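>>> Fold the following.
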Amino acid sequence: MPPRLSLLVRDIAVLLTMDGPAIPGGAVLFEDDAVAWVGASTDAPSAAEVVDGSGCIGLPGLVDCHTHALFGGSRAREFERRLAGEDYSTILLEGGGILGTVRATRAASDEELVDSLSARLQDFLEQGVTTVEVKTGYALSLEHELRCLQLMGGRSWPTRVLRTWLGAHTVPAEFRPDPSAYVDHLIDEMLPLVAAHAEFVDVYCDRGAFTLEAARRVLEAGIAAGLKGRIHAEQVELTGSADLAAELGCTSADHLERISDEGIAAMAGAGTVAVLLPGARLYLRDPAPPVDAMRAAGVPIAVATDFNPGTSPLRSLLGAATLACLDMGLSVDEALLGITRNAGRALGRPELGWLGVGSVADLSLFEPPPGEPADPAVLVQYLGGHRARTVVRDGKVVL
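Have a look, this model is predicted:
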């Protein structure tokens, strides 16, 4: 039997495990692709390879639990239109927005899509993000939705990639005269072929997208096919989609700017994670979600970038955490939990976003901004620009 590979990262100025109090002078021992031990460096066992974490803030590998990172084309002109006061729903109904990206994504070659996604994921990795959920939904045909899912699978990406089928992102142009026929197409023709290539089914339930009843049909079918349910909920108008997410046992409901008290209570009762997307709130000038009410009800809160080319071209997960504090009222501790362990919960993956025996073997080390102490709060205080000094994924140094 070959010897176990061991890696010790030691003398971390302050280590947050998200599984207990912060550890000054912390250390983590990895053996093969697992966490073998976590504690103070003074008690650390020996290892074949040692990494010095002096002066650094240690966090579990960050988890971005909501992105649309696979796409073609650009929506810079749409950005200008919205700055001039045009409403996003109007742009979408005119064939822009998501539909514009659909045309560009369908036209892009496999190589173009793979190369652009790989570059984006490398950028995430350099910011300490080791897990990225990536949705389809910019293809919206059987051929191209399946193509996008297959392109995401079977490759070695810079980060861990979790695949979501979002065929119900919007109704494509060819089905606009009869949206119900597209829902039938999703369930009867697309789902049987794409289910084996995804971990999640997602639906955008809102004005200009899918009705509550259509969302129910797609989610129920996806869950019956073995996928975990998620939903874009209560963003543009109140639909009852948060209540639906709780009823169906979805792992998360995302956006939630216009969630009701009843929806909050339902999510709290079901343990459904609220994923806050401050980039979309900022770019679309939406109101902030009722965080105080969510907190009081005990709804677990995650934070994600919602990285996409139109309504949230935000590539910094720590930047999203900062915005969640400034614009939505989270504390620093809540924001850091939201991009680590609660983000893992939003994905139904309890092994993600913390450090300890039983977690994934991911660790990110950050140097504080110049002149600042090694205090995790500075990573949230300073908006953007943070790059990881060292990243460990699956027990190996990858950065």
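
>>> Grab the most central residue of this protein for me.
Cys65 (1.8 Å; C-alpha atoms, centre = their mean).

>>> Is that residue in contact with Ala304, as I believe?
Yes - here Cys65 reaches Ala304: they are 4.9 Å apart, a contact under C-beta atoms under 8 Å. Where C-beta positions appear, they are placed from N, C-alpha and C, glycine not excepted.

>>> which residues in the stretch 51-200 of the chain form helices?
76-83, 88-93, 98-107, 110-126, 142-152, 179-185, 191-194 (DSSP state H, counting those that start in this stretch).

>>> who does the fifth one touch, helix- and strand-wise?
Using 3 or more C-beta pairs under 8 Å, 6 or more residues apart in numbering; DSSP states H and E as the contact criterion, the neighbours of helix 142-152 among helices and strands are helix 98-107, helix 110-126, strand 160-168, helix 191-194.

>>> Out of the ones you listed, which is closest to Ala274?
Among the helices and strands packed on helix 142-152, the nearest to Ala274 by C-beta to C-beta is strand 160-168 (17.3 Å).

>>> Just give the nearest non-adjacent residue to Glu367, would you?
Arg389 (5.2 Å; C-beta to C-beta, 6 or more residues apart in numbering).

>>> That neighbour: neighbour count?
15 (other C-beta atoms under 10 Å).

>>> now swap in Leu92 and tell me
Based on other C-beta under 10 Å, the number of other residues close to Leu92 is 21.

>>> ok, the nearest residue to Arg120 once chain neighbours are set aside to Glu112 distance?
In this structure, Arg120 finds its nearest non-sequential neighbour in Ala69, 5.1 Å apart by C-beta to C-beta, 6+ apart. Distance, Ala69 to Glu112, by C-beta to C-beta, to the nearest Å: 14 Å.

>>> One more: Ile12?
Plainly put, Ile12 is 40 Å away from Glu112 if you go by C-beta to C-beta.

>>> And Val391, by the same measure?
In terms of C-beta to C-beta, Val391 sits 27 Å off from Glu112.

>>> which one of these two has more residues nearby?
Val391 (24 against 13).

>>> For Arg387, give me its contacts.
126-128, 366 (C-beta atoms under 8 Å, 6 or more residues apart in numbering).

>>> So which of the residues you listed is the closest to Gly61?
Gly128 (6.9 Å).

>>> what residues are up against the closest one?
By C-beta under 8 Å, 6+ apart, the neighbours of Gly128 are 59, 61-62, 317-318, 364-366, 386-388, 391.

>>> isn't Gly263 right up against Leu244?
No - look at Gly263 against Leu244 with C-beta under 8 Å: they stay out of range, at 9.0 Å.

>>> quick one, which of the two is more surrounded?
Comparing Gly263 with Leu244 by other C-beta under 10 Å, the one with more neighbours is Gly263, at 29 against 24.

>>> any idea how far Asp394 is from Thr90?
45 Å.

>>> which stretches of the stretch 201-350 of the chain form strands?
228-233, 252-255, 273-276, 301-303 (DSSP state E, counting those that start in this stretch).

>>> want to throw those strands into JSON lines with distance to Ser116 and mean pLDDT?
Compiled in JSON lines, the strands of the stretch 201-350 of the chain are given as follows (distance: least, C-beta to C-beta, whole Å; pLDDT from 0 to 100):
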{"stretch": "strand 228-233", "distance to Ser116": "23", "mean pLDDT": "98"}
{"stretch": "strand 252-255", "distance to Ser116": "23", "mean pLDDT": "98"}
{"stretch": "strand 273-276", "distance to Ser116": "24", "mean pLDDT": "98"}
{"stretch": "strand 301-303", "distance to Ser116": "24", "mean pLDDT": "99"}
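
>>> how about these in CSV, adding mean neighbour count and distance to Arg155?
Shown next, in CSV, are the strands of the stretch 201-350 of the chain (neighbours: other C-beta atoms under 10 Å; distance: least, C-beta to C-beta, whole Å):
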stretch, mean neighbour count, distance to Arg155
strand 228-233, 28, 22
strand 252-255, 29, 25
strand 273-276, 30, 26
strand 301-303, 30, 26
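
>>> Which pLDDT value does the model give Pro2?
With respect to pLDDT, Pro2 has a value of 62.

>>> Need the strands of the stretch 201-350 of the chain in CSV (columns: distance to Glu49).
Compiled in CSV, those are given as follows (distance: least, C-beta to C-beta, whole Å):
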stretch, distance to Glu49
strand 228-233, 36
strand 252-255, 37
strand 273-276, 36
strand 301-303, 33
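
>>> Out of those, which gets nearest to Leu140?
strand 228-233 (14.8 Å).

>>> so that closest one versus strand 160-168, what angle?
60 degrees (axes from the mean of the first three to the mean of the last three C-alpha atoms, to 10 degrees).

>>> Check which strands are paired with strand 228-233 and give the direction for each one.
Sheet neighbours of strand 228-233, with direction, are listed as strand 200-204 (parallel), strand 252-255 (parallel) (DSSP bridges).

>>> Go ahead and name everything in contact with the shortest one.
By C-beta under 8 Å, 6+ apart, the list of residues contacting strand 252-255 from outside reads 65-66, 230-235, 241-242, 245-246, 259, 263, 267, 272-275, 277, 280, 289, 302, 304, 306, 346-347.

>>> ok, Pro24 - how many residues close by?
With other C-beta under 10 Å as criterion, Pro24 counts 12.
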